[in-house]
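Enquirer: Build me a model from this:
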Amino acid sequence: MNETTFFSGKKKLGIVGGGQLGKMLLQCTNVWDIYTKVLDPDHEAASRFTCNEFVLGSLQDFDTVYNFGKNCDVLTIEIENVNVEALKKLESEGVTVHPKPSSLETIQDKGLQKMFFKVNELPTADFVLFENKQQVLDAIANETIRIPFVQKTRKAGYDGRGVNIIKDENDLHKLFDVPSLVEDKVTLYHEIAVIAARNAAGEVSTFDAVLMDFHEEANMLDLLLYPAPLEENLITQAKDMAESLIGKLQICGLLAVEFLIDQDKKIWINEVAPRPHNSGHQTIESAYTSQYEQHIRGILNLPLGSTSLILPSAMVNLLGAEGFSGDVRYEGIEPCMAQEGVSVHIYGKKKTKPFRKMGHVTVTNQDLNEAKNTALWVRQTLQVKSH
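Expert: Model prediction:
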């Protein structure tokens with residue numbers, strides 16, 4: 001297949017998932033006049049009005065995903081929780097699917113992810129797998145595991161959901177009663193992420209690492225600094241591991257790799273995502289090639305773009321304010337838009353609720369600390385409320 005025929009041609013790119021990541025992918029495909037078809041279960045999905053074809057349907061239903069993909073030339077995802085068996089069948093019938101369904105199957109299950117890291121001798125926190133809540137409680141009782149620890153559901157975790165931080169016995173009522181993994185709670189120095197890209201020709205590149213702070217209650221990215229103001233040796237280790245992982249998983253497109261750095265400055269792989277990622281939104285303004293364009297380049301086997309920095313940046317998510325649910329209202333947006341270097345992205349979700357991800361704001365500045373200060377001001381000033 002000649003991937004250049006996607007430009008103003010008859011080839012069709014299918015995207016399974018039509019949320020905000022899909023919407024930002026479509027901003028790139030629209031610039032290049034690539035024909036797109038999107039599947040999403042929400043009739044008000046963010047991507048609905050910016051693709052060429054929109055199909056309403058479940059991402060988990062075999063027949064829906066299979067029928068959606070069978071007349072696409074290339075198929076990709078913007079969320080991992082999709083029917084992988086349908087993707088395997090489509091691949092066997094000649095549809096190009098990225099990421100590879102076999103790799104996606106590993107990544108969908110955080111237990112398989114961790115085992116993959118171990119088998120490939122990549123550093124990750126020690127972990128134990130459990131089938132249910134009682135097994136976790138029994139392991140605590142016989143001291144197989146010790147509090148504090150982190151529990152993660154093996155499947156369907158996303159945007160802070162599916163993660164429990166058990167600090168003491170008072171938290172045990174929160175335990176998930178589903179297949180999960182329990183891992184040691186690393187004493188953190190920092191959390192960072194690196195997004196790697198790869199095409200079918202084997203070309204690999206990485207973006208600069210980002211430094212991440214998380215909202216303690218929502219367990220969701222709260223503030224990001226790009227590039228990460230950290231020791232160069234830590235950045236190099238992270239980039240090397242991201243490049244190694246994307247090759248071992250044989251992924252075309254993007255692989256976002258989240259890392260934990262402990263107090264001894266040892267780096268651990270936390271988890272991965274084979275798609276555009278919250279830790280890469282700022283590349284739209286800060287890098288010569290955004291993560292979204294790079295993903296399209298990777299899955300269509302086009303030359304990868306430059307990941308060089310244009311300007312340092314800080315990024316904050318716009319989360320629904322506590323105590324507000326209903327039709328969304330953005331309070332304080334005008335003073336933020338009046339500031340130089342402030343780029344506001346609204347995802348188009350009509351309803352807000354506490355901690356729902358409604359948009360993001362990137363602040364660019366030659367001085368990363370100035371960008372950070374402005375981003376913190378934006379976070380206080382721009383509030384997501386309801387009518």
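Enquirer: Would you state the strands of the stretch 1-150 of the chain in chain order?
Expert: Secondary structure of the stretch 1-150 of the chain (DSSP state E, counting those that start in this stretch): strands at 12-16, 35-40, 53-56, 74-77, 96-97, 127-130, 149-153.
Enquirer: What strands line up against the fourth one, and which way round?
Expert: Each strand pairing with strand 74-77, determined using DSSP bridges, is listed with its direction: strand 12-16 (parallel), strand 96-97 (parallel).
Enquirer: hmm, who's touching that strand?
Expert: When contacts are defined by CB atoms under 8 Å, 6 or more residues apart in numbering, strand 74-77 is touched by residues 6, 11-17, 69, 87, 90, 95-99, 104, 253, 274-275, 295, 299-300. Every residue, glycine included, has its C-beta placed from N, CA and C.
Enquirer: quick one: it to chain centroid distance?
Expert: 16 Å (CA atoms, centre = their mean, to the nearest Å).
Enquirer: pLDDT averaged over it, what's the number?
Expert: Taken as a whole, strand 74-77 has a mean pLDDT of 98.
Enquirer: Only alpha carbons, please: show that strand as PDB.
Expert: Written as PDB, here are the backbone C-alpha positions of strand 74-77 (Å, rounded to 0.1, in the frame of the first residue of the first chain):
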ATOM      1  CA  VAL A  74      -5.700   1.600   8.100                       C
ATOM      2  CA  LEU A  75      -7.200   1.300  11.600                       C
ATOM      3  CA  THR A  76      -6.000   2.900  14.800                       C
ATOM      4  CA  ILE A  77      -7.300   3.600  18.300                       C
END
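Enquirer: distance of the residue lying farthest from the centre of the chain from E183?
Expert: Distance to the chain centre peaks in the chain at N142, reaching 36.3 Å (criterion: CA atoms, centre = their mean). Note on N142: its distance to E183, by CB to CB, to the nearest Å, is 18 Å.
Enquirer: cool, and I333?
Expert: 39 Å.
Enquirer: would you list the strands paired with strand 74-77 in TSV and tack on mean neighbour count, distance to G162 and mean pLDDT?
Expert: Below are the strands paired with strand 74-77 laid out as TSV (neighbours: other CB atoms under 10 Å; distance: least, CB to CB, whole Å; pLDDT from 0 to 100):
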stretch	mean neighbour count	distance to G162	mean pLDDT
strand 12-16	25	20	98
strand 96-97	23	25	98
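Enquirer: in the stretch 1-150 of the chain, which spans are helices?
Expert: 20-31, 62-69, 84-92, 101-108, 110-119, 133-141 (DSSP state H, counting those that start in this stretch).
Enquirer: which residues does the residue nearest to E85 when sequence neighbours are not counted contact?
Expert: In space, and not counting its chain neighbours, E85 is closest to F62: 5.8 Å by CB to CB, 6 or more residues apart in numbering. Going by CB under 8 Å, 6+ apart, F62 touches 83, 85-86.
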